[in-house]
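A.B. asks: for reference, the sequence and a predicted model appear below.
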Amino acid sequence: MTFEADTERVYPVPDEPATMIEATLCFPLRDVGGTEEVLLIEKRRGLGEGWYNGPGGKLEGEETPRECAVRETREEVGLEIDPADLEKAGELEFRLDGDRHTFCHVFRTRQFAGEPHPSEEAYPEWFAVDDVPYDRMWEDDRLWLPAVLEGETVVGEFRFVGGKPLDEAEFAGHDLERDVDFDAIGRSR
Ligand SMILES: Nc1nc2c([nH]c(=O)n2[C@H]2C[C@H](O)[C@@H](COP(=O)(O)OP(=O)(O)OP(=O)(O)O)O2)c(=O)[nH]1
């Protein structure tokens, strides 16, 4: 296991707001003539509007992260995925001004049915994994997404400052751990 950090790792004792959001991201992958590609969406509304991201969104009701990732990918781009075909690739915590803002489960998959199509929320586009438009994505993505697209696992904390909304706050620091065995720690759901 490797560990990298740009500051001392400090986890404040939880005095957490009950409003922390639980969300998912899903990265469908395919091989086109030997070129590895990832499906991203250009987000048309909500947090991160105008930026590229994986399909995903907030958990609803009693659904598991895996079920949420399947539902969001279907709603946003129309791909059908069997929950069992999702591979847990990451857990990301986004903090805003010291508070936990969003906890995000990251999945990837090579198994899906259908062709991606645009929706009100998202415009889908395939990118070669070595040509991902990081300049049009959340600033932290370049720190963890390459590892996810290479088949690694990550756990990260990303700290933003400057008040709401999160996508207008300033990225201020991070901790990132790689090569995490989610099955072994019972967190692959
Ligand atoms: N790649 C990336 N995604 C992020 C970051 N921060 C952050 O909240 N997200 C993700 C988590 C969620 O999937 C998504 C937030 O989406 P949202 O709150 O607008 O949810 P939504 O409206 O799209 O979803 P929903 O209402 O359909 O549930 O953005 C980040 O720094 N990088």
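C.D. replies: Received it, and whenever you're ready, just let me know what you need.
A.B. asks: how about the helices in this structure?
C.D. replies: Using DSSP state H, the helices of the chain run over residues 65-77, 141-149.
A.B. asks: what pLDDT does the model give F3?
C.D. replies: With respect to pLDDT, F3 has a value of 49.
A.B. asks: go on, the one 4 residues further on?
C.D. replies: Taken from the predicted model, the pLDDT recorded for T7 is 45.
A.B. asks: which stretches of the protein have low pLDDT?
C.D. replies: The chain contains residues with pLDDT under 70 at 1-18.
A.B. asks: do that again at 80, thanks
C.D. replies: Applying pLDDT under 80 to the chain flags the ranges 1-18, 189.
A.B. asks: residues touching the residue sitting nearest the centre point of it, list them.
C.D. replies: Nearest to the mean C-alpha position of the chain, by CA atoms, centre = their mean, lies L25 at 3.8 Å. Contact analysis of L25 by CB atoms under 8 Å, 6 or more residues apart in numbering lists 53-56, 69, 104-107. All C-beta atoms are positioned from the backbone trio N, CA, C, and that covers glycine.
A.B. asks: select only the buried ones of those residues in ChimeraX?
C.D. replies: The ChimeraX selection below is limited to those of the contacts of L25 classed as buried (16 or more other CB atoms under 10 Å):
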select :53,54,55,56,69,104,105,106,107
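A.B. asks: rebuild the contacts of L25 as CSV, extending it with distance to the ligand.
C.D. replies: What follows is the contacts of L25, written out as CSV (distance: CB to the nearest ligand atom, whole Å):
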residue, distance to the ligand
N53, 5
G54, 7
P55, 8
G56, 3
A69, 9
C104, 5
H105, 9
V106, 8
F107, 11
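A.B. asks: please identify the most buried of the helices of the chain.
C.D. replies: Of all the helices of the chain, helix 65-77 has the most neighbours on average by mean count of other CB atoms under 10 Å, namely a mean of 23.
A.B. asks: around the ligand, pick out the residues from the chain.
C.D. replies: Selection of the chain residues close to the ligand by CB under 6 Å from any ligand atom yields 23-25, 46-48, 53, 56-58, 94, 102, 104, 138, 140-141, 158, 166.
A.B. asks: give me phi/psi at the residue lying farthest from the centre of the chain?
C.D. replies: Centroid-distance maximum for the chain: G33 at 26.4 Å, with CA atoms, centre = their mean. Note on G33: backbone dihedrals following degrees, to the nearest 10 are phi 60, psi 40.
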